[in-house]
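J.: Kindly generate the corresponding structure for this input.
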Amino acid sequence: MTDNINNRKLYPNPNQGHNLPNIEDNILNFWNSNNIFEKTISSKSNHNDFVFYDGPPFANGLPHYGHLLTGFIKDIFARYQTMKGKKVERKFGWDTHGLPVEMETEKELSKNENKNISGQIAIQEYGIDKFNQACQESVMKYANEWEYYVTRQGRFVDFKNSYKTMDINYMESVIWAFKELYDKGLIYQDLRVVPYSWACQTPLSNFETRMDNSYRQKTSKALTVKFKIDKSCNFYSELNIAQLTIIAWTTTPWTLPSNLALAINKDIQYSILKNDNDAIIIAKSLIEKYSNELANYQLVKDINGTELIGIKYQPLFPYLSQIKEVINSNNCFRICDADFVTTDEGTGIVHIAPGFGEDDQILAKSLKIPTICPVDEGGKFGNEIYDIDNLSLKKRQVFETNDDIIKYLKNNNCWIKTDQYIHNYPHCWRTDTPLIYKAVSSWYVKVSSFKDRMVELNQQINWIPNHIKDGQFGKWLEGARDWSISRNRFWGCPVPIWISNDPLYQRIDVYGSIEQINKDFNCNINNLHRPYIDNLTRLNPNDPRIDPDHIDHKNCSKMIRVTDVLDCWFESGSMPFAQKHYPFENKEWFENNFPADFITEYIAQTRGWFYTMIVLSTALFDKIPFKNVICHGTILDENAQKLSKRLKNYPDPITIFSDIGSDAMRFYLVSQPVMKGQELKFDSDGKNIKDTYRLSIKPLLNAYNFFCLYANADNIKAELITKYKDYDNNLDRYILGKLKLSISIIDQSLSNYDTIQACNEFDNFFEIMNNWYIRRNRQRFWQKEITSDKQDAYNILYSCIIYMCQAIAPILPYTTEYIWHGLNNIELN
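T.: Next up, the predicted model:
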């Protein structure tokens, strides 16, 4: 078939070459000017939704390749389902509250104000209103850059209707969720030892200490010290000794001033070793470990652990012994039994500081030993730790006091030895500072009460890779602990609890809607942030002194809001319903379209967003939050360090977009084992992406070039094969059979969320197309006469390119759009 109209070329001139970055810019302009994304939504039925959740990134920095990989995956499967006839809404989201924003704001304010505005006291003196206003202004400063990066990578995303966790509608849904949990008996307050960031001056949840590389190698001073046994002990007379001590081992010398007990294990055998008139107690199996220090001691008696229980000893420091709660407790400064004591390390004796150890506090609580925590919000010793004997610890950061504490113990003959101890230690995920464990009053979600149900529901989720289901995520669910969800910070969704300020007239009010707040406080609030929400007070309805006939109630109790804000992970975990302002709006839609069909993030979100979503989804709806999830691996720099906005250890992705193109980056990333949860080292010069263009994209362009060159020379217009016929040429039959098989494999792969197999099959097809079909059919294309055999060859080549472009379009959206326009002779403008 020929077309001689005005002797016009039917297809583009391949000699012009293919500058992919320029081509992608032109395609992007075409999509935007023709509202292509919007049309993919409006053209679909409202009852045929494919729901995917776009997890909210923190908006306080620019995206790196890890973010781009996540974005590519999201776009691939959204495009794929759109091509399958689904309506796929794609609202972008922003995580706008929490520590990342506050830390950035503290730095900016301190710099601009030329003074330190960091920490609880400094921020309160500066003004919570001004601080939060600064947070709000700074949080979206990278929004335009994010939109550019996301759009340039070829993602179809709705930025105009994006959700933000700081929006009042979103926050109202969050407090609704909190109220629902409270009404179900799943919220409680407790004083517990939790991971604590003294740099951020806030507690952290247990899963925040498990994210990414929060645990890292740290060298600590491991100290072995002597506690003097009280003279009332029978061993003094039995062994005729002047001084009996028991030795304990610790890697946190700064906790020794807070010691309130010593723990042994009743099932461990201990020994008493004597030197002249002194004796030492140690686990029998660990004597050899201290052979140098105990060289002059002789074994005089082996004892069972039970013989040590209840023995009194003298505290190393005088501080806590003078506190009323300690004086009133009969079990302080005694030896007690604990099954967590082992002989794996140390001496077989553990020093107990209930204010700084989780196991310590649980043990102390069972023995009615008080929890005393003489360390303030900034990780500094408080007024309880007064100056003694040239030892000044007050107002000093705890890690800085270790050497002085050791020196004091040496001077008082309580020191045995100090070792360098290398171990993995938790660090703050925002500041990289080592955490402490500290007793803090916090509000908790009682996750332990429904963790078994989470484990059951998890079996309904399709995890990619599959081993995550019963492995990393499943094991995490099995060991799920109650979730500390309150933070003594400023920029966040408020804990919606008001408490009576008079313990004589107790009352707790929890609010789950703005309407309820407005009604009780007779207001019309339009901002749920601090300090505005803090300013809402009212008379306590439980106070019998309130007389409605009298105006003066100044001596009556009031309802005061607790000043905490919610963990920002509680907010992001609320995203499925909060982005829709459920249950205040979109109630029917949400209930008909929950859980989501698909989500994806990197693998560490098994400790973060994936986890918080299943916690809230189980507790609120008894459902899974998503049906299918891809946990891709972490992209590292060339030194195997995680790419980090904070560390800035990666080149600007714009350089890749400008030099090679987005499609090459997309194809490269989603064809790698990183899609199966493995790590990927990203080379800064982009060599692997260039190789991907050469090995994967160029073969498609070569086939396209070949077709255009010879179809134009022959002035032949090819026809799309829509119905198979029995071709005479064996290569024709073979390539069409291969085409059908490859399309089926790619389609099935994408249906199974397997981009690696889809990419491999695409490469395999064009290897055969170029090196077998085209190479062995050149004579057919070169012959002068336009025969039916020649027309068949053009039709088949044309159809193979068209159909493969359709199949791989979600993975190569720019390139396939460009070729589709060229083969259909449609100008991009």
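J.: Quick one: low-confidence residue ranges for the protein.
T.: 1-8, 15-16, 59-60, 211-213, 549-551, 644-646, 828-829 (pLDDT under 70).
J.: So for it, the centremost residue is which one?
T.: Gly608 (3.7 Å; Cα atoms, centre = their mean).
J.: Show me the domain layout of the chain.
T.: 20-161+567-681, 215-426, 687-824 (the TED database).
J.: how about the ones you listed, which one is nearest Leu528?
T.: Closest of the domains of the chain to Leu528 is domain 20-161+567-681, at 11.0 Å (criterion: Cβ to Cβ). Using the backbone N, CA and C atoms, a C-beta is placed for each residue, glycine as well.
J.: how far out from the middle of the chain is the closest one?
T.: Remark: domain 20-161+567-681 is offset 12 Å from the chain centroid, using Cα atoms, centre = their mean, to the nearest Å.
J.: So for that domain, first residue to last residue, what's the gap.
T.: 25 Å (Cα to Cα, to the nearest Å).
J.: Kindly reformat the domains of the chain as CSV and extend each row with distance to Ala199.
T.: Converted to CSV, the domains of the chain look like this (distance: least, Cβ to Cβ, whole Å):
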stretch, distance to Ala199
domain 20-161+567-681, 9
domain 215-426, 8
domain 687-824, 37
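J.: just to confirm, which helix or strand has Val101 in it?
T.: helix 99-113 (DSSP states H and E).
J.: Name the residues of that helix that are buried.
T.: Buried residues in helix 99-113, defined by neighbour count with 16 or more other Cβ atoms under 10 Å: Leu99, Pro100, Val101, Glu102, Met103, Glu104, Thr105, Glu106, Glu108, Leu109.
J.: all helices of the stretch 301-450 of the chain, in order?
T.: Assigned by DSSP state H, counting those that start in this stretch, the helices in the stretch 301-450 of the chain fall at 324-327, 358-366, 402-411.
J.: out of those helices, nearest to Thr70?
T.: With Cβ to Cβ as the measure, helix 358-366 is the member of the helices of the stretch 301-450 of the chain nearest Thr70 (33.7 Å).
J.: by contact count, what packs against the closest one?
T.: In this structure, helix 358-366 makes packing contacts with strand 187-197, strand 261-264, strand 350-352, judged by 3 or more Cβ pairs under 8 Å, 6 or more residues apart in numbering; DSSP states H and E.
J.: Go ahead and name everything in contact with the first one.
T.: Applying Cβ atoms under 8 Å, 6 or more residues apart in numbering, the set of residues contacting strand 187-197 from outside is 99, 178, 181, 202-206, 208-209, 354-358, 360-361, 371, 379, 426, 428, 430-431, 433, 435-446, 484, 510.
J.: So which of those residues belong to strands?
T.: When the contacts of strand 187-197 are checked against strands (DSSP state E), the matches are 202-203, 426, 436-445, 484, 510.
J.: Give me the buried subset of those.
T.: 202-203, 426, 436-440, 442-445, 484, 510.
J.: Make a markdown table out of those residues and add distance to Glu89.
T.: As requested, those are exported to a markdown table (distance: Cβ to Cβ, whole Å):
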| residue | distance to Glu89 |
| --- | --- |
| Thr202 | 35 |
| Pro203 | 36 |
| Pro426 | 39 |
| Ile436 | 44 |
| Tyr437 | 43 |
| Lys438 | 44 |
| Ala439 | 45 |
| Val440 | 40 |
| Ser442 | 36 |
| Trp443 | 34 |
| Tyr444 | 35 |
| Val445 | 29 |
| Ser484 | 34 |
| Val510 | 33 |
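J.: For Gly661, state which of those residues is nearest.
T.: Pro426 (41.2 Å).
J.: Please give me every residue in contact with the closest one.
T.: Pro195, Thr209, Ser214, Tyr215, Pro434, Leu435.
J.: quick one on the thing from earlier: after the helix holding Val101, next one along is what?
T.: Taking DSSP H and E, what comes next after helix 99-113 is helix 120-126.
J.: between the following helix or strand past that next one and helix 99-113, how many degrees?
T.: The helix or strand immediately downstream of helix 120-126 is helix 128-139, counting by DSSP H and E. Going by axes from the mean of the first three to the mean of the last three Cα atoms, to 10 degrees, helix 128-139 is angled at 110 degrees with respect to helix 99-113.
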